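A.B. asks: Make a model of this:
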Amino acid sequence: MPFDIGFFKSLLGEYERQVAKVKGKDILLVMGGTGAGKSTTIQYLCGSIMENQLIITKHGPLKHIGVAEGGTSKYCSKEELAQVAMSAKAVSCTQYISVITVNNVLEDGEEEVFHICDSPGTGDTRGPELDVANIYGIV
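C.D. replies: Model prediction:
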């Protein structure tokens, strides 16, 4: 499959938009292989209510931890968390780094704001454009 330069440029543009959101701020960058559970971990860290799910596939049932219906986060915006896609299969869902702002209230009532960045998995299953763009975006 030839390298799609147009797709690559669109990914770089999205990286620039996401990086602008966190420039000069402290972030938690979540990285790992495709299907490792990065997005699931982020959903959990953001306070989403998680549940065990049984997914029926053509190869039989598959156990998966997902966000419970109506179990959206109490610390992050629904719009930002909507970018954090999850799959029961080890396939790529996250296309570029997504920034999620976490608004946490500490026990003493003080507010703490930090940013978690979801990143595409290494060894992305959708082509070399994503792998090259991911390297650029992370650096």
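
A.B. asks: going forward, measure contacts and count neighbours with C-alpha atoms only.
C.D. replies: OK.

A.B. asks: Just the element for the closest residue to residue 21 other than its chain neighbours, please.
C.D. replies: Nearest non-adjacent residue to residue 21, counting by Cα to Cα, 6 or more residues apart in numbering: residue 99, 7.4 Å away. Under the criterion of DSSP states H and E, residue 99 resides in strand 98-105.

A.B. asks: Now do the SS call for the nearest residue to residue 95 once chain neighbours are set aside.
C.D. replies: Spatial nearest neighbour of residue 95, chain neighbours left out: residue 120 (5.7 Å); criterion: Cα to Cα, 6+ apart. At residue 120 the chain is in coil, as set by DSSP: H, G, I helix; E, B strand; the rest coil.

A.B. asks: number of nearby residues for residue 120?
C.D. replies: By other Cα atoms under 10 Å, the residues close to residue 120 number 28.

A.B. asks: what's it sitting at in phi/psi?
C.D. replies: phi -60, psi 150 (degrees, to the nearest 10).

A.B. asks: Centre of the chain to the edge, which residue is at the far end?
C.D. replies: residue 108 (29.8 Å; Cα atoms, centre = their mean).

A.B. asks: hmm, back to that, next one: the residue nearest to residue 95 relative to residue 131, how far apart?
C.D. replies: From residue 120 across to residue 131, the span is 8 Å (Cα to Cα, to the nearest Å).

A.B. asks: Return the set of residues that bridge with the residue nearest the centre of the chain.
C.D. replies: Nearest to the geometric centre of the chain sits residue 118, at 3.4 Å (Cα atoms, centre = their mean). As for beta bridges, residue 118 partners with residue 30, residue 98 under DSSP bridges.
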